[in-house]
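Engineer: fold the following.
(one chain, ligands or ions: 1)
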Amino acid sequence: MASSSLPLHHPSHCLISNRQLKGSNYGWSPLPRYTVPTKDAVKGIRIQPIKAKAATEAPPFSLFQPPEAEGSASELEPADPDFYKIGYVRSMRAYGIEFKEGPDGFGVYASKDVEPLRRARVIMEIPLELMLTVSQKLPWMFFPDIVPVGHPIFDIINSTDPETDWDLRLACLLLYAFDREDNFWQLYGDFLPSADECPSLLLASEEELSELQNPNLASTMREQQRRALKFWEKNWHSGVPLKIKRLARDPERFIWALSMAQSRCIGMQMRIGALVQDANMLIPYADMLNHSFEPNCFFHWRFKDRMLEVMINAGKRIKKGDEMTVNYMSGQQNDLLMQRYGFSSPVNPWDVIQFSGNARIHLDSFLSVFNISGLPEEYYHNSRLSNDGDTFVDGAIIAAARTLSTWSDGDVPPIPSMERRSVKELQEECRQMLAVYPTNSKQDQKILDSMSDASRTLEAAIKYRLHRKLFVEKVMQALDIYQERMLF
Ligand SMILES: C[S@@+](CC[C@H](N)C(=O)[O-])C[C@H]1O[C@@H](n2cnc3c(N)ncnc32)[C@H](O)[C@@H]1O
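Structural biologist: You can find the predicted model right below:
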């Protein structure tokens, strides 16, 4: 299933190079306002119209000027006179940011400098009615309620397990939304990456999977591809009603939608009346944010008017042009990032090396050599203790502190000769791990540098194996530094 040959006929194909979503200091809506159907159609989750104030021309706030009352949407935007007439119209708003293409596909970038702030600051507000939402538990709910009971897609979604199949369900809802006349997602689809632009391993060919140089991950992905294919065959094959076939005429179309659901879904807790539900959501614009393990933004669900806020962390200094990021997954190794999002990181602080020998080094000494503070779950580099310009400690060293075999026994100090022996043994294990790979990190880098028009999946696969090797190499380097700097 070569991703480059996918015969997708999604509008994203033609418009992707135009993914110019330009934010500004002012509230904006790059797409025409979408009118959410009222009563009769809004069955899944009922939303209340927000009480907007009288229309004023007060300018919306910028990154520099926080809203007077935190979280009050009505303070931020002039009331829309049509709002009262229509009842359910709200649009997305963005402040001091722009959407543009970067090294990791589309991303969100600051269009102004921001001084560190004492309070978190809103940069985007996205109303519920623009999202596609499926609850994770029964009774299953979805929003917007665009699927009539008895429609084949309703039955397909209903036949899945809400707790394990959230991605299949969301993919169905996405495909259905694309098919619905005047649905917001028909337009937003123009901003989604096409199959060729998407690094998801669900779209990887057998050869691309082999480039991971990780048979376990390759076989997990094969299994996931089979699951997707089986679902497509069960629901879209010749036996099913004709009208639904157009949603995913070929398996590639469905698998692309599934990869969108997996790589762009945001999990949120929603309260509907007295019922608290975990929900999986496709949230337009917020899904343009790329990942970082040291993010400058986070999501906040504003319950009272059912808006997702993207906020800058308090205390963060942002420079114009900086990328705005969120943390997709804390506590997960690169394998999981690859499975779900199709990318990995050489500085994932949660990556793990399975050491099998008995060699152990002294934990407290290792932490103090690298100025790592905090408890294991929250280790951080205490840069105030480091020399200026010391850039060696990154996420990989934090991961090393967690994953190296260590010992610590009250105030018992390390014995130098034993520490050196342990360092050698641990490094030897690392060397053996690296020797198993058919290529080394330099060769991988060279291959990447020489690939000008390789598929995104192939590039992601080679980067993944490179990141693994860079991590193991960095751990070996850290062990060298440890034995040089260790105090006795
Ligand atoms: C939620 S989307 C973010 C927007 C996306 N970049 C786009 O072009 O629309 C998630 C996808 O962005 C890419 N991505 C996000 N963070 C990344 C990172 N730190 N490194 C590499 N790719 C990243 C991956 O392709 C991932 O599947």
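Engineer: how close does the one residue in the stretch 101-250 of the chain that gets nearest to the ligand get to M307?
Structural biologist: Closest to the ligand within the stretch 101-250 of the chain is G105: 2.6 Å, counting by Cβ to the nearest ligand atom. Bear in mind the C-beta positions are built from the backbone N, C-alpha and C, glycine included. Applying Cβ to Cβ, to the nearest Å, the value for G105 to M307 is 25 Å.
Engineer: so which of those two has more stuff around it?
Structural biologist: Taking G105 and M307 together and counting by other Cβ atoms under 10 Å, M307 has the greater number of neighbours (23 against 17).
Engineer: quick one, phi/psi of the more buried one?
Structural biologist: phi -120, psi 140 (degrees, to the nearest 10).
Engineer: how about the contacts made by the residue of the stretch 101-250 of the chain closest to the ligand?
Structural biologist: Going by Cβ atoms under 8 Å, 6 or more residues apart in numbering, G105 touches 193, 197, 290.
Engineer: now do the last one, the pLDDT please.
Structural biologist: Reported pLDDT at N290 in the predicted model: 98.
Engineer: so what's the residue count around it?
Structural biologist: N290: 19 surrounding residues under other Cβ under 10 Å.
Engineer: please apply the same query to the first one.
Structural biologist: The criterion is other Cβ under 10 Å. On that basis, P193 has 20 neighbouring residues.
Engineer: how close does it sit to G107?
Structural biologist: Using Cβ to Cβ, P193 is found at 12 Å from G107.
Engineer: pLDDT below threshold where in the stretch 351-488 of the chain?
Structural biologist: Residues of the stretch 351-488 of the chain meeting the criterion pLDDT under 70: 388, 487-488.
Engineer: assign a three-state SS to the residue most central in space within the chain, would you?
Structural biologist: Taking Cα atoms, centre = their mean, the centroid of the chain lies closest to Y328, which sits 4.1 Å from it. What DSSP: H, G, I helix; E, B strand; the rest coil gives for Y328 is coil.
Engineer: so who does it touch?
Structural biologist: Contact partners of Y328, counting by Cβ under 8 Å, 6+ apart, are 291, 337, 341.
Engineer: switch the cut-off to 10 Å
Structural biologist: By Cβ atoms under 10 Å, 6 or more residues apart in numbering, the contact list for Y328 reads 263, 266, 289-293, 295, 336-337, 340-341, 343.
Engineer: and the pLDDT for the residue of the stretch 101-250 of the chain closest to the ligand?
Structural biologist: On the pLDDT scale, G105 is placed at 94.
Engineer: ok, now how distant is it from I156?
Structural biologist: Taking Cβ to Cβ, one finds G105 at 29 Å from I156.
Engineer: E309: neighbouring residues, count only.
Structural biologist: 21.
Engineer: Validate this expectation: A460 resides in a strand.
Structural biologist: No. Per three-state DSSP, A460 lies outside any strand segment and is helix.
Engineer: I'd like the distance between the closest residue in space to it that isn't next to it in sequence and A228.
Structural biologist: For A460, ignoring the flanking residues on the chain, the nearest one in space by Cβ to Cβ, 6 or more residues apart in numbering is P199 at 3.8 Å. In this structure, P199 and A228 are 16 Å apart, going by Cβ to Cβ.
Engineer: neighbour-wise, which of these two wins?
Structural biologist: Shown here are P199 and A228; by other Cβ under 10 Å, P199 has more neighbours (26 against 23).
Engineer: right, and that one touches R340 too?
Structural biologist: No. With contact defined as Cβ atoms under 10 Å, P199 does not count as touching R340 (11.3 Å).
Engineer: list the residues that contact both of the two?
Structural biologist: Jointly contacting P199 and R340 under the rule Cβ under 10 Å, 6+ apart are 259, 263.
Engineer: the closest residue in space to N214 that isn't next to it in sequence: what secondary structure?
Structural biologist: Ranked by Cβ to Cβ, 6+ apart and with sequence neighbours excluded, the top spatial neighbour of N214 is R465, at 6.9 Å. Here R465 is helix, with the state taken from three-state DSSP.
Engineer: what residues are up against R465?
Structural biologist: 211-214, 217, 344, 437-439, 441, 444.
Engineer: export those to CSV and tack on distance to V412, neighbour count and secondary structure?
Structural biologist: Output for the contacts of R465, formatted as CSV (distance: Cβ to Cβ, whole Å; neighbours: other Cβ atoms under 10 Å; DSSP: H, G, I helix; E, B strand; the rest coil):
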residue, distance to V412, neighbour count, secondary structure
E211, 47, 23, coil
L212, 42, 23, coil
Q213, 41, 19, coil
N214, 39, 20, coil
L217, 40, 22, helix
S344, 38, 24, coil
Y437, 38, 17, coil
P438, 43, 7, coil
T439, 43, 16, coil
S441, 37, 19, helix
D444, 42, 22, helix
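Engineer: of those, which is the nearest to R485?
Structural biologist: S441 (24.6 Å; Cβ to Cβ).
Engineer: quick one: contacts for the nearest residue to E377 once chain neighbours are set aside?
Structural biologist: Spatial nearest neighbour of E377, excluding adjacent residues (Cβ to Cβ, 6+ apart): G331 at 8.0 Å. Contact partners of G331, counting by Cβ under 10 Å, 6+ apart, are 349-350, 377.
Engineer: E125 reaches M92, doesn't it?
Structural biologist: Yes. In this structure, E125 is within contact of M92 by Cβ under 10 Å, at 6.9 Å.
Engineer: what sits in contact with each of these two?
Structural biologist: The contact lists of E125 and M92 share 27, 285-286, 307-308, where a contact means Cβ under 10 Å, 6+ apart.
Engineer: filter those residues down to the ones near the ligand?
Structural biologist: Checked against the ligand using Cβ under 6 Å from any ligand atom, the shared contacts of E125 and M92 give no members in range.
Engineer: among those, which one lies nearest to the ligand?
Structural biologist: Of all the shared contacts of E125 and M92, A286 has the smallest distance to the ligand: 8.3 Å, by Cβ to the nearest ligand atom.
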